[in-house]
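> here is the input, now give the coordinates:
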Amino acid sequence: MNLNKVKGAGKMNSKRQNSIFRIVVFTISLLLIGMVFYTPFLVAALSEDIYCTVIITQIPSPPANFLGTALSTTTIQWSWDDVANEDGYRIYTSTDGFKVEVSTDITIWSEGGLNPNTLYGRYVKSFNGFGESISSNPDTRYTLANSPTGLSSPNSTQTSISLSWTAGTGGNTRYAVERAPDNSGVPGTWGFIRTWADNITTSTFTDNGLNYDTTYWYRICGYNGDSIITSAGNIVSQTTLPFIDTLLPREPSGLRGTLSPDRSSITLNWHAVTQNIDGTPCTDLAGYNIYRTDNIHLDIWTLVNGSLITDLFWTDTTINGQVFYYTVKAEDSSNNESTNATMIVDSTPNTNIIALATDFYTRILTPQTINSPLFRETNSYNDDLVLTITQPQITIHDDTICSFLFAANTYTDNQIINCVFPGPEADIILHYPTSNGFVSGTDIFAAQANERLAVSWHNGVEWINIEGTVDTDNQTISIKSKYLGYYNIIQKLIFTKFTLTKVYPRIFSPNNDGINDVTNFVFENPTNETVTGKIYDLSGSFVADMLPGEITNSLCWNGRFKDGRKARSGVYVYQLKVNGKAINGTVVVAR
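Here you go, the predicted structure:
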């Protein structure tokens, strides 16, 4: 404590003077007990003829605005505000205690020898002869990071470039990617395409959405933990691949064949391809190729046209009555050819349109006499239809050995169509697998498949069992039908005599809307007896003979009299005769 001299004016009694001084000192002593001061303290006492001033020096105030600033990968500068009445400052670490002491009025200290991209925490205290202040605000700071090195571009595609690099010594928290266009072999104007906000933490990056056959330049910057960016490392250039057209055109639609009268030649016709396989317009179509085989089960096709065909027809003059199968493929200017078509035409007298499953055995054959629904010129959809065959992955019948879905889709927009052929002349041929001499998944000997297998078809309401024709050599079972839909190969019940197995629908509405227009009589006929059917009214009067049914081993009635007149609504009697025996029942016409 420094005590100023007491200054007086006029005469002063020394005893009185000493008395006043003692009072002032005593009073100040009482005030200082238990108190700490960080600024000079002024005490003044007045008497009649004395003015006394006392100044007390205390512990200095704590420094304010303590702050770290990264200067390099190994140095951080710490700074703070100066305070009064200090003899210097002491910097402390947040973990290890005292670090360094600096002289009075120095408010900056640079700390070196640090590690790159490493977090350090410090605080400062002021001090004088009376002691240290309390701590300043603490601060933490990362040293700067080193720049990434070893940038390379390992590969590129038509629209992307891949980059790889090595982190700077000491590591980088995140990375920024700069790109520049090519300017006659040197980088053009640089611009960031990825920054801190994109959170790239690995040392690889793929730049997508680029132009094909174009050169780009790249460089990589690193960030430290405080998101301060480094300078860029080495630069690298890479060129995207040239454009290669790999988009396939669609397969032609509307394929059909016309035989010459002597079956020495067949002319194929089809509709022009206007789309690629992804539905985009095909603007680079070059022409068409014709492929032929004599065995569709082997999937071995031979190109038979000498040069690319630009017309929408082609004639094979070499068949000479033989049976061949044909498909047509489209080709674009980049030599991309459409995939194997599921639609095939043959050179049999029926010139069947064939849809083939991926097993090369399951198929549907539609002869020329009933295939008008497949072509846009003769159907109500204004579009060609494409027949498809798939195998559902679920069991949809208790006795199912294998299942198939036959469907029709519009060629242009792939809409599913409820296609019904004009008559039951479509051959549905289903393939069954065998293993170790058995029909797969059953106890049926493969040699007994003819006796133990049948077909079931779902008519939209229920399953209808159908007797089929089994080909044990090709492991197929075939029926005739006018309907697409679900067909199963099943283990059949064994019948030893003629049996009427199903009448559906018993109430039908013959109004030509395509729904329940006929009633069907399905039977098992193991001995291939001649079956006839007649319809009578309730008075016993003859109405009409039954017609061939919509599926194999069936008859049907279309709700009309023999002369074509419509039968009135009501109950009618049916009678099937086999080998002199009659089976009777009733059905209902509901108009």
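> low pLDDT regions in this protein?
Under the criterion of pLDDT under 70, the regions of the chain flagged as low confidence span 1-57, 394-398.
> try 50 this time
Low-confidence regions of the chain, defined here as pLDDT under 50, cover residues 1-54.
> do you have the helices of it handy? List them.
Taking DSSP state H as the criterion, the chain contains helices spanning 14-32, 449-452.
> quick check: Leu500 touching Phe521?
Yes: the criterion here is C-beta atoms under 8 Å, and Leu500 meets it with Phe521 at 6.5 Å. C-betas here are computed from N, CA, C, even on glycine.
> between those two, which one's more packed in?
For Leu500 versus Phe521, the count of surrounding residues by other C-beta atoms under 10 Å is larger for Phe521: 24 against 18.
> Lys566 versus the more buried one, what's the distance?
The span separating Phe521 from Lys566 equals 20 Å under the rule C-beta to C-beta, to the nearest Å.
> how about Ser539?
Ser539 sits 18 Å away from Lys566, taking C-beta to C-beta as the criterion.
> repeat for Asp198
Per C-beta to C-beta, Asp198 is found 76 Å from Lys566.
> coming back round to it: shared neighbours of Leu500 and Phe521, anything?
Leu576 (C-beta atoms under 8 Å, 6 or more residues apart in numbering).
> pick out whichever of Ser539 and Lys566 has more residues nearby.
Shown here are Ser539 and Lys566; by other C-beta under 10 Å, Lys566 has more neighbours (13 against 6).
> if the closest residue to Thr201 other than its chain neighbours is in a bridge, with which residues?
For Thr201, ignoring the flanking residues on the chain, the nearest one in space by C-beta to C-beta, 6 or more residues apart in numbering is Arg174 at 5.8 Å. Beta-bridge partners of Arg174, counted by DSSP bridges, are Tyr223.
> show me the contacts for Arg174.
Trp196, Asn199, Ile200, Thr201, Gly222, Tyr223, Ser227.
> now intersect these with the strands, please.
Using DSSP state E to define strands, the subset of these located there is Gly222, Tyr223.
> and of the contacts of Arg174, the nearest to Ile344?
Using C-beta to C-beta, Ile200 is the member of the contacts of Arg174 that lies nearest Ile344, at 53.3 Å.
> partners of that closest one in the sheet?
On the basis of DSSP bridges, Ile200 takes part in beta bridges with Tyr175.
> and if you look at the one 4 residues further on?
Assessed by DSSP bridges, Thr204 has beta-bridge partners Ser164.
> the strands in the stretch 101-250 of the chain, which residues?
Secondary structure of the stretch 101-250 of the chain by DSSP state E, counting those that start in this stretch: the strands cover 108-111, 119-128, 131-132, 139-142, 149-152, 161-166, 174-183, 186-187, 191-194, 204-207, 215-223, 235-239.
> pull up the pairing partners for the second one, direction included.
Sheet pairing of strand 119-128 (DSSP bridges) gives strand 88-93 (antiparallel), strand 131-132 (antiparallel), strand 139-142 (antiparallel).
> then the first one?
With DSSP bridges as the test, strand 108-111 is paired with strand 76-79 (antiparallel).
> check the offset of the strand it pairs with from the chain's centre.
53 Å (C-alpha atoms, centre = their mean, to the nearest Å).
> alpha carbons only: can I get it in PDB?
Included here for strand 76-79 are C-alpha records, laid out as PDB according to Å, rounded to 0.1, in the frame of the first residue of the first chain:
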ATOM      1  CA  ILE A  76      -1.300 -20.900 -33.200                       C
ATOM      2  CA  GLN A  77      -1.200 -17.200 -32.100                       C
ATOM      3  CA  TRP A  78      -3.000 -16.500 -28.800                       C
ATOM      4  CA  SER A  79      -4.100 -12.900 -28.100                       C
END
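> and Thr378, how far from Pro422?
Between Thr378 and Pro422 the distance is 10 Å, computed by C-beta to C-beta.
> repeat that for Gly171.
In this structure, Gly171 and Pro422 are 77 Å apart, going by C-beta to C-beta.
> those two: which has the busier surroundings?
For Gly171 against Pro422, the residue with the higher neighbour count under other C-beta under 10 Å is Gly171, and the figures read 15 against 12.
> the more buried one contacts Asn117, doesn't it?
Yes: contact status for Gly171 versus Asn117: in contact at 5.5 Å, counting by C-beta under 8 Å.
> which neighbours do those two have in common?
Taking C-beta under 8 Å, 6+ apart as the contact definition, Gly171 and Asn117 share the neighbouring residues Ala145.
> which stretches of the stretch 451-591 of the chain form strands?
Secondary structure of the stretch 451-591 of the chain (DSSP E, counting those that start in this stretch): strands at 453-458, 463-466, 469-471, 476-481, 485-491, 499-504, 507-508, 519-524, 531-537, 542-545, 547-548, 554-557, 570-578, 581-589.
> which residues touch the last one?
Contact partners of strand 581-589, identified using C-beta under 8 Å, 6+ apart, comprise 498, 500, 503, 506-510, 519, 557, 559, 567-577.
> among these, name the buried ones.
By neighbour count, with 16 or more other C-beta atoms under 10 Å, these hold 498, 500, 503, 508-510, 519, 557, 559, 567, 572-574, 576 as buried.
> what's around the nearest residue to Asn511 once chain neighbours are set aside, how many residues?
Of all residues beyond its chain neighbours, the one nearest Asn511 is Arg591 (6.5 Å), with distances taken as C-beta to C-beta, 6+ apart. Arg591 is flanked by 12 other residues according to other C-beta under 10 Å.
> next up, the contacts around Arg591.
Arg591 makes contact with Ser509, Pro510, Asn511, Gly559, Lys566, Arg568, Ser569 under the criterion C-beta under 8 Å, 6+ apart.
> now the first one: how far from Lys566?
Meaning Ser509. The span separating Ser509 from Lys566 equals 12 Å under the rule C-beta to C-beta.
> again, but for the fourth one
When C-beta to C-beta is applied, the distance between Gly559 and Lys566 equals 7 Å.
> overlap of the contact sets of these two?
Overlap of the contact sets of Gly559 and Lys566 (by C-beta under 8 Å, 6+ apart) consists of Pro510, Arg591.
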